[in-house]
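J.: For reference, the sequence and a predicted model appear below.
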Amino acid sequence: MVFNVSVGITDLKNQSASEKGAETYALFIGDTAVVNEGQPATVITQSKKRVKNVCIFLKEEEDESGQSEQENEPPTPPEQLGRGKRSTVLESKLRQEGSAEEKRKERQKELARQLNEEAQKRLAQMSGKTDQEKVRKNTVSYKSSKDLPWKEPEVKELKIFVDKRYETVILPIFGIPVPFHISTIKNISQSVEGDYTYLRVNFFHPGAAVGKGDLTSFQSPESTHLKEITYRSTNTKEPGELSAPSSNLNTAFRIIKEVQKKFKTREAEEREKENLVKQDTLVLSQNKGNPKLKDLYIRPNIVQKRISGTLEAHTNGFRYTSIRGDKVDILYNNIKHAIFQPCDGEMIILLHFHLKNAIMFGKKKHNDVQFYTEVGEITTDLGKHQHMHDRDDLAAEQAERELRHKLKSAFISFTDKVAKMTNSEIEFDTPFKELGFPGAPFRSTVLLQPTSGSLVNLTEWPPFVVSLEEVELVHFERVSFSLKNFDMVFIFKDYNRKVSMINAIPMNMLDHVKEWLNSCDIRYTEGTQSLNWTKIMKTITEDPEGFFETGGWSFLDPDSGDEEQVEEEESEEDEAYQPSGSETGEDESEESEYSEADSDVSSDYSGSEDEEAAEESGKDWSDLEREAAEEDRKRLTGDYVEEDRSSKKKKGSSHDKYDSKRSKHSSPKKDKHKSSSRDHDRHHKSSSSSSKRKREDSESRKSPKKKSRK
C-alpha cells in the first residue's frame, strides 16, 4: 500500500526574526511511503532538504496592496463581445508601460543618485585613514669595528673582500677597509683595457631614480652618499707572484654577483609575504567519510610540472595533497567565491576558489586556486582516418559521454556534502551559460559567464573573476553603430585599485549586457571614446570630495544636463539675432533698384524687338544682310559702351565713395591716360554719328522707290 502523509501548520511565531515579514510563518510537510509485507516501509520522497531548496518566499505587501486596490474598485459591467472586439495584444500594450530601454534608463537614474550618496558616505568614513609611506630598510653589516674580519689576508693587504656570512663587501678606501652591505650596491661591471682590469661599483643614492624610490625611500637623504667607485689593477704578473693582481678583482666580481642574486631572491620572497594575512591552522577531521575527490590537477602548478592529487574537505577547510607530498590548505573563512563549473560543452570540469586574502605556495602569492580534471581528449589526432560509422569511434564517444556523466555526478555529490557539512557556509555557485557573452579580458577571446555574485571565465588561465559587490560603476567604451565591438570597464569602490577591462565584446550583445547589469542593480554609462583611466583615477584619488561636489560620475553619462544646456544656449543665440530696420531698408531699396533697372532693360529690349519685327516684315535678303553687317560694326565701334555706362551709373551710386578714394590715390600719369582715352572715345563717337547720318540719308532716298513698287 502507498500512503501520502502531509501536515500543514500556519501562524507560527518566530521571536528571533530580524525582519518584519519573518515574524509569522507556515509549514507544510509531506512524504510518500510504501508499506511492504514483512519489511519496514520505504520512503519514496527523495529530495534535497536544505532551506533554499524547500522554502518559498512570498511578497505579501504587493499581494495585499493588489487585493485592497481590487476591493476598492467599483464592479465593472460585463463586456459586450461582438465584431468590434480586438485581440488581447492591443489591451496589454498600453502607453503607460513603456519600452524596456525606458525602464532601464529610469532605473539607472535612481542608481546614479544612490551611487553618489553611498560614495560620499564611504569617503567620509575613510577620511581619517592615512597611508604610511614605506621607508627603505636600514641594513647594518657590523655593529662595531671589532666585528670586521681583520684576520682575513685580503683585509690586511687592503684588497676587496666579500663576507658571505654578513652579505657585506669590504672595499679599501684611502688605506682603510670600509664595509658596504650588499643592499647598497646597485650594480657592478668589469672591463679589460690593455694591461689593466677595471671594476666599477655603482651604489644606490638619493636622486638616482625619479619616482617611487626617490628621496622618501632613504632614512637620511640629506647625508653624504657615495655614488660610484672604480678600481684598477694590472694584468701582468711580476716574477715570484702566483697570480696577477687583477685576479682579486675577478674573484670579487664573481662572488658579489652570487651574493647579490641570493639577496634579491630572499627579498622578493619577503615582499611577497609582506601583505599576507596569517591564516588559521587547518583542523583535520579523522572521519573516514569526509568528502573527497581524487585525480585532480591544481592551477597554478605547485612546481613547474603538472602533478595530480586529492582534494579533501575537513572541519574548517580543504586540503589538497599531491602525489609528491605537497600540501595546499584553503580555509572556509578565506573563501570569497566557490564556483563549480560542469563539463557541459567544456573539455574540463573544475572547482574554483576565489580567496579574500592571498595564500602562499610555490614561492608566490595566489588569490585564485583551481582544481580540475580533463574530460576526454583535449587534443585530436587529425592524421587518424575517421569514419562516421566506425565502431571504435562510436564506442569512444559513448565512453566519453559516460565519463562526463560519472564525473559530473561525483562533483555534484562532493559539493552537496560540503554544503551539508559546513551548514551552508560554503555553497558552490554555477555559472549561467545562457547569460554569457564573448570578450577578451586578457589576450584571447573567451566566454564570460555571470554567477549569482560575480562575472567569471575559468576555463582559460589566468582566470578572470570580478566580484559584483566590489564594482561601483561599469562604463562602455567605443559604443558606435559603425564599429563591430565595444569595450567594458569595471570601476571598483576602492579607487586605489586598478580598473578591470574587457575588450572586443560584439556590438549585438550590448543590450544583453545592459539588461544583466540592470538586473544586478549596477550603474552603467556609455561613450564613444576610449578614456585614459590611469589619469582619471589619479585625479579622483587626489581630491575625491571635490570630484563628487562637481557632479561625480555624471561626466561619463551622455544623457546628463550638459547637452540640454548647450541646446538652450544655441536657441537663445538664435532668438537674440534679429536683423535691424536699417539693414532691411537698405536691402529692400537695393532690391527695388535692381528690379527697376531690370524692368527698364526688359522694356527697352522688348520695344527694340517689336521695331525690328515691323521693319523686317517687308525687307529683302540683301537689306537684312546689310543691316546685320552695320550692327556688327556698331558692336565693334562701341555703341554698347554708352549703354553699359548709363546702366552702371544707376547701379554704381553706392560705389562713389570708393571711386573718390581711388581717384585720390591714383597717379597723375594714369589721369592723363584716362583723359586721352576719353578724347579718343568722343572722337570715335562723332565719327560714328556722322557715318550714321550718311546711311540714313541714303536709305531715305531709296525708300520712295520701294513704296512705288509696292
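T.: In hand now; what should we look at?
J.: Which residue ranges of the stretch 51-200 of the chain form helices?
T.: Secondary structure of the stretch 51-200 of the chain by DSSP state H, counting those that start in this stretch: the helices cover 51-54, 60-72, 88-92, 100-126, 153-156.
J.: what's the longest one packed up against?
T.: When you say that, I think you mean helix 100-126. Where contact means 3 or more CB pairs under 8 Å, 6 or more residues apart in numbering; DSSP states H and E, helix 100-126 is packed against strand 471-477, helix 510-519, helix 544-549. (Glycine included, C-beta is placed from N, CA and C.)
J.: any chance of the ones you listed in TSV, plus distance to residue 442?
T.: Output for those, formatted as TSV (distance: least, CB to CB, whole Å):
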stretch	distance to residue 442
strand 471-477	17
helix 510-519	19
helix 544-549	30
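J.: Now the nearest residue to residue 309 once chain neighbours are set aside, what are its backbone angles?
T.: Once flanking residues are discounted, residue 309 sits nearest to residue 322: 3.8 Å by CB to CB, 6 or more residues apart in numbering. Main-chain torsions, residue 322, degrees, to the nearest 10: phi -80, psi 170.
J.: change the start of the numbering to 12 and stick with it
T.: Noted, 12 is the first residue going forward, which turns the last one into residue 333.
J.: Number of residues surrounding residue 333?
T.: 18 (other CB atoms under 10 Å).
J.: looking at the helices and strands packed on helix 111-137, which is closest to residue 51?
T.: Closest approach to residue 51 among the helices and strands packed on helix 111-137 (CB to CB): helix 521-530, 48.9 Å.
J.: residues in contact with the closest one?
T.: 111, 115, 118-119, 446, 448, 461, 485, 487, 490, 497, 499, 516, 535 (CB atoms under 8 Å, 6 or more residues apart in numbering).
J.: Apply 7 Å and report the result again.
T.: 115, 118, 446, 448, 461, 485, 490, 497, 535 (CB atoms under 7 Å, 6 or more residues apart in numbering).
J.: Assess the claim that the fourth one and residue 460 are in contact.
T.: No. If you go by CB atoms under 7 Å, residue 448 and residue 460 don't touch, sitting 8.6 Å apart.
J.: residue ranges with poor pLDDT in the stretch 162-311 of the chain?
T.: Low-confidence segments of the stretch 162-311 of the chain, defined by pLDDT under 70, span residues 219-230, 232.
J.: Please enumerate the strands of it.
T.: Secondary structure of the stretch 162-311 of the chain by DSSP state E, counting those that start in this stretch: the strands cover 172-174, 179-184, 187-192, 196-204, 207-214, 239-245, 303-310.
J.: okay if I get those as TSV plus distance to residue 24?
T.: Below are these laid out as TSV (distance: least, CB to CB, whole Å):
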stretch	distance to residue 24
strand 172-174	78
strand 179-184	76
strand 187-192	72
strand 196-204	74
strand 207-214	77
strand 239-245	82
strand 303-310	42
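J.: among these, which is nearest residue 319?
T.: With CB to CB as the criterion, residue 319 lies closest to strand 303-310 of the strands of the stretch 162-311 of the chain, at 5.4 Å.
J.: Which parts of that closest one count as buried, going by neighbours?
T.: By neighbour count with 16 or more other CB atoms under 10 Å, strand 303-310 contains the buried residues 304, 307-310.
J.: follow-up on the earlier one: from residue 378, how far out is the residue nearest to residue 320?
T.: Counting by CB to CB, to the nearest Å, the gap from residue 333 to residue 378 is 21 Å.
J.: Which one, of the strands of the stretch 162-311 of the chain, ends up nearest to residue 252?
T.: Proximity to residue 252 (CB to CB) singles out strand 239-245 among the strands of the stretch 162-311 of the chain, at 10.7 Å.
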